[in-house]
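Asker: with the input below, show me the fold.
(chains A and B)
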Amino acid sequence: AQTVTQSQPEMSVQEAETVTLSCTYDTSENNYYLFWYKQPPSRQMILVIRQEAYKQQNATENRFSVNFQKAAKSFSLKISDSQLGDTAMYFCAFIKAAGNKLTFGGGTRVLVKP
Amino acid sequence: ETGVTQTPRHLVMGMTNKKSLKCEQHLGHNAMYWYKQSAKKPLELMFVYNFKEQTENNSVPSRFSPECPNSSHLFLHLHTLQPEDSALYLCASSQTTSGGLYEQYFGPGTRLTVT
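Answerer: You can find the predicted model right below:
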């Protein structure tokens, strides 16, 4: 069974600064996908970024980028130029390439301060 | 808005009640999911449907009964729940269940309180 661990329950960052969220996972699979989802307060969860395990290049979406270290089973998210709208819970998630079950980490609450 | 709606948004029910949660997606997807989000616990997958067929039951107690009459609608029927079932229930949909190839789109959730 796969497990996903987010070791930082809460983080705060000043507006315009950079914050990095950590995620580690455990799997015996070689082909899989990793995700970061964002859940703003009282709003719907949305996908922030996706990484395919067979791609060595780290995924980037505007101010969001990941550092994917397959051997270390690490998948961190960097938020650059933080904005107030980035305040949310962030969840790391894993799915096998041919699977139908997303496994989530416990989440990291990010607070962006003005 | 993600194209996935859920009703009701809030529900309070007693342990002897029967109620249903409804999910509807307007995205033309073929796969739908129920998740449970409890305080201080990771999101847990409950059920998966692909083309109206249940493909995953994650050892969910029988007091939760899913129904998927078509690819656009998903229900979760609740009866004789326990207080520990209080949680946010999230519905999601995706094109199909092909691993991570297709993004899952989430609804806003139903906040359930069992008294």
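Asker: how about residue 85, what does it touch?
Answerer: No chain in the question, so chain A it is. A:40, A:112 (CB atoms under 8 Å, 6 or more residues apart in numbering or on different chains). (Each C-beta comes from the backbone N, C-alpha and C, glycine too.)
Asker: the chain in question should be chain B.
Answerer: Counting by CB under 8 Å, 6+ apart, residue B:85 makes contact with B:63, B:64, B:78, B:112, B:114.
Asker: let's see 10 Å
Answerer: When contacts are counted by CB atoms under 10 Å, 6 or more residues apart in numbering or on different chains, residue B:85 touches B:13, B:15, B:36, B:38, B:61, B:63, B:64, B:78, B:112, B:113, B:114.
Asker: inside strands: which ones of these?
Answerer: B:13, B:36, B:64, B:78, B:112, B:113, B:114 (DSSP state E).
Asker: return the distance of the fourth one relative to residue A:89.
Answerer: In this case it means residue B:78. Using CB to CB, to the nearest Å, residue B:78 is found at 25 Å from residue A:89.
Asker: so residue B:21 touches residue B:34, yeah?
Answerer: Yes - counting by CB atoms under 10 Å, residue B:21 touches residue B:34, with 8.2 Å between them.
Asker: specify the beta-bridge partners of the residue in chain A that chain B sits nearest to.
Answerer: As assessed by CB to the nearest CB, chain B sits closest to residue A:33 within chain A, at 2.5 Å. For residue A:33, the beta-bridge partners are residue A:52, residue A:95 (DSSP bridges).
Asker: wait, doesn't it sit right on residue A:53?
Answerer: Yes - shown here, residue A:33 and residue A:53 form a contact pair, counting by CB under 10 Å, at 6.8 Å.
Asker: and stretch B:100-115, how far from the chain's centre?
Answerer: Offset of stretch B:100-115 from its chain centre (CA atoms, centre = their mean, to the nearest Å): 6 Å.
Asker: pull the CA atoms of it into PDB?
Answerer: What follows is stretch B:100-115, C-alpha atoms only, in PDB (Å, rounded to 0.1, in the frame of the first residue of the first chain):
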ATOM      1  CA  GLY B 100      -3.200  10.000 -13.000                       C
ATOM      2  CA  LEU B 101      -3.700  10.600 -16.700                       C
ATOM      3  CA  TYR B 102      -6.900  12.500 -16.000                       C
ATOM      4  CA  GLU B 103      -7.300  15.200 -13.300                       C
ATOM      5  CA  GLN B 104     -10.000  14.700 -10.700                       C
ATOM      6  CA  TYR B 105     -12.300  17.700 -10.300                       C
ATOM      7  CA  PHE B 106     -13.800  18.100  -6.800                       C
ATOM      8  CA  GLY B 107     -17.100  19.400  -5.600                       C
ATOM      9  CA  PRO B 108     -17.500  21.800  -2.600                       C
ATOM     10  CA  GLY B 109     -18.500  19.000  -0.300                       C
ATOM     11  CA  THR B 110     -21.300  18.200   2.100                       C
ATOM     12  CA  ARG B 111     -20.500  19.000   5.800                       C
ATOM     13  CA  LEU B 112     -22.300  16.200   7.700                       C
ATOM     14  CA  THR B 113     -22.900  16.200  11.400                       C
ATOM     15  CA  VAL B 114     -24.300  13.200  13.100                       C
ATOM     16  CA  THR B 115     -25.900  13.800  16.500                       C
END
